[in-house]
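*Asks:* Sequence and predicted structure below; questions after.
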Amino acid sequence: MTLMETIESVRQVEEAVICALLSSESAIWQVAPVLKPEMFSDPLFAFVYKAICSLNSRGEKADLVTTDIEMRCLDEKRWKEMNGIAIVNTAMTQIRHIGNLMQYTEEVKRQYMLRLLGALFTTLQAKANRFDSSYTALIEKAESSLMELRETCIVGKQVSRIGKTANEVLNMHRERLENGMDTMCIKTGLEEFDYVTGGLYNGELTVGAGRPGDGKTAIAMQIAMNVALSGKHVCFFSMEMTGLQTMNRLFAGFGGVDANRLRITGANPEDLLKMEKMAGEFQDLPLYFDYTPANTLENIRAQVMLQKKKGQCDLVVIDYLHLMERKGRAGETMDQLVGRNIEGAKQVAVDANCPVLVLSQMNRNSVQRVEKAYVPELHDLRDSGVIEQVADCVFFVHRPERYGIFKDETTGESLRGVGKLYILKTRNGSTGIARFRYNKSFTRITNYDNRMRYEEE
């Protein structure tokens, strides 16, 4: 391949990266940790990429219009010289998918590193040709320069001394002690669950599993409401319940509206008054709801990171894992697809530095466990053992009365309207059982000590 052919090939790859970034709002989160503007060989593409990164840093979405405006704001003279975003207008019409984005991104970086190496070796050769050069000095220069290049290759954070990490953690605990504020975790509002686990921790993935009808969505929604009512920002991604269905549940659970009447015959005048009052209280509630059937992890990640940039994401809830997009890679099994999605959810928790609660289905093993009162076990997680491995905390929703068990065999207490969360894995804490109470329509969850009448709605 001639030099001109190589240059054109590199330009095509760089153009493909820019077009992909302008076509998908989630693409920047894959590319940003790898590429810097100076890695583009074409300075015009580097300018476009700089504008995209600038928008992303403010939590704004990049498209043809917003990027063009940002370029003009960054450098109007340069924007005029290159005729704005017109450099990619033609190429944008040819984009069909962004499946190879990371390969293109790595190629841009590879070519950049090769250019740096070429420049370094050229400089060293010129110095080596000088009569008065010292070979030891040149070797030292080569070693230090190559070390700098190697550091440039590293994606993400570099390793650091354990002492630095110790001081960072110490400062967090000191702030927690002095201010009485825990910035490391969020309380769910379910007292027994918080007692056992401490709550939901930043950077950790919690998986809540249950059989259909056991109430995992109700638990997740209650936690989301409790956290939002405490003033924290919650991003709730549903692939099962629409906004209408969700609000009807909330009106029933928190507004005191009869759930069956609301669904079957509609609200009466008294119900409307309650719902109007609740709707007013919800105006400023920091709970953000998204209903997208078969949502992708990439889209969820993009929205989470945008909300995080705006300071509006303290907790992420995904309902639920097995309803996410099921289009796997060539030859990929369902186990591998689910495993990849759960690993991605964990990475979202780390990158956004907030707790992520993902709901999951169970297999049918527990319903055959008659001799053990149908109590769930870790291997009841459906489809993938990776879920158990990746999750920092795993709990199962269990309602004994669904299985004909109405009294606690130890205490003799009634189990009507009583549910249990079996916390079977906590990476940095203890396991145990957390009880809760629910009303008959299962639209309201309360702490176990709250003696809510089961018959009440």
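*Replies:* Yep, it's here.
*Asks:* What segments of the stretch 351-457 of the chain are helices?
*Replies:* 386-390 (DSSP state H, counting those that start in this stretch).
*Asks:* so after the helix or strand where residue 167 lies, what's the next helix or strand?
*Replies:* Assigned by DSSP states H and E, residue 167 belongs to helix 162-179. Tracing the chain C-terminally past helix 162-179 and defining elements by DSSP H and E, one meets strand 185-186 next.
*Asks:* hmm, who's touching the following helix or strand past that next one?
*Replies:* Next helix or strand after strand 185-186 toward the C-terminus (DSSP H and E): helix 191-197. For helix 191-197, the external contacting residues (C-beta atoms under 8 Å, 6 or more residues apart in numbering) are 187-188, 393, 395, 421, 423, 426, 429-436, 447-449. (Glycine included, C-beta is placed from N, CA and C.)
*Asks:* Within its sheet, name the partner strands of the helix or strand just after helix 191-197 and how each one runs.
*Replies:* The first helix or strand that comes after helix 191-197 along the chain, using DSSP H and E, is strand 200-201. Strand 200-201 pairs in its sheet with strand 185-186 (antiparallel), by DSSP bridges.
*Asks:* Quick one: mean pLDDT over the partner strand.
*Replies:* Averaging pLDDT along strand 185-186 yields 88.
*Asks:* what about residue 421, distance to residue 227?
*Replies:* Distance of residue 421 to residue 227, computed by C-beta to C-beta, to the nearest Å: 16 Å.
*Asks:* Would you map the strands across the chain?
*Replies:* Using DSSP state E, the strands of the chain run over 185-186, 200-201, 205-210, 234-238, 287-291, 315-319, 356-361, 393-398, 418-426, 432-438, 445-447.
*Asks:* so who does the nearest residue to residue 306 once chain neighbours are set aside touch?
*Replies:* Closest residue to residue 306 apart from its sequence neighbours, by C-beta to C-beta, 6 or more residues apart in numbering: residue 59 at 5.1 Å. Neighbour list for residue 59: 306-310 [criterion: C-beta under 8 Å, 6+ apart].
*Asks:* Mind picking the one among the residues you listed that's closest to residue 266?
*Replies:* Distances from residue 266 to the contacts of residue 59, taken as C-beta to C-beta, are shortest for residue 307 (34.4 Å).
*Asks:* Next, the contact list for residue 365, please.
*Replies:* Residues near residue 365 by C-beta under 8 Å, 6+ apart: 377, 379-380.
*Asks:* let's see it at 7 Å
*Replies:* Going by C-beta atoms under 7 Å, 6 or more residues apart in numbering, residue 365 touches residue 380.
*Asks:* Please apply the same query to residue 32.
*Replies:* Each residue near residue 32 by C-beta under 7 Å, 6+ apart is listed here: 53, 56.
*Asks:* how near is it to residue 39?
*Replies:* As judged by C-beta to C-beta, residue 32 and residue 39 stand 12 Å apart.
*Asks:* still on that earlier bit, any idea how far the residue nearest to residue 306 lies from residue 295?
*Replies:* In terms of C-beta to C-beta, residue 59 sits 20 Å off from residue 295.
*Asks:* Residue 259 now?
*Replies:* 26 Å.
*Asks:* Residue 147 too?
*Replies:* Counting by C-beta to C-beta, the separation of residue 147 from residue 295 is 43 Å.
*Asks:* go on, residue 257?
*Replies:* Relative to residue 295, residue 257 is positioned 29 Å away (C-beta to C-beta).
*Asks:* what about these two, which has more around it?
*Replies:* Neighbour count, other C-beta atoms under 10 Å: between residue 257 and residue 295, residue 257 has more, with 23 against 18.
*Asks:* how many other residues sit next to residue 2?
*Replies:* With other C-beta under 10 Å as criterion, residue 2 counts 7.
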